[in-house]
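>>> sequence and computational prediction follow.
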Amino acid sequence: MSRAVAIAAAAAFLVCANVQAAGPARTTPIVVKVARGGFSLADAAVGAVAGAGAVVATAGVVALLRLRRETDPRRKGDAP
């Protein structure tokens, strides 16, 4: 697992280094005009569902890791 974390960190560093080396592509600000404003319940629902999905996925990963730790035969018995 530590190897995967190291590879991900190295990849993130390389991507960030390339972005910083390239510099900003635009010098003029981007202006977005919205025809109608206000709070959208549909957008809020999408965000709530995404947040709930992230919580469920995290809980599943934690449960799998705990189950794996409890069934690991190397950890059974008294420690020397």
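All right, it came through fine. Residues are numbered from 1 along each chain as shown.
>>> output the longest helix belonging to this structure.
The longest helix of the chain (DSSP state H) is helix 41-70.
>>> quick one: stretch 29-41 to chain centroid distance?
27 Å (Cα atoms, centre = their mean, to the nearest Å).
>>> what distance separates the start and the end of that stretch?
One end of stretch 29-41 to the other measures 29 Å (Cα to Cα, to the nearest Å).
>>> distance check, the residue most central in space within the chain against residue 40.
By Cα atoms, centre = their mean, the chain has its centre lying nearest to residue 54, at 8.9 Å. According to Cβ to Cβ, to the nearest Å, residue 54 stands 21 Å off from residue 40. Bear in mind the C-beta positions are built from the backbone N, C-alpha and C, glycine included.
>>> cool, and residue 14?
From residue 14 to residue 40 the distance is 37 Å (Cβ to Cβ).
>>> and for residue 64?
On the measure of Cβ to Cβ, residue 64 and residue 40 end up 36 Å apart.
>>> count the neighbours of residue 50 for me.
10 (other Cβ atoms under 10 Å).
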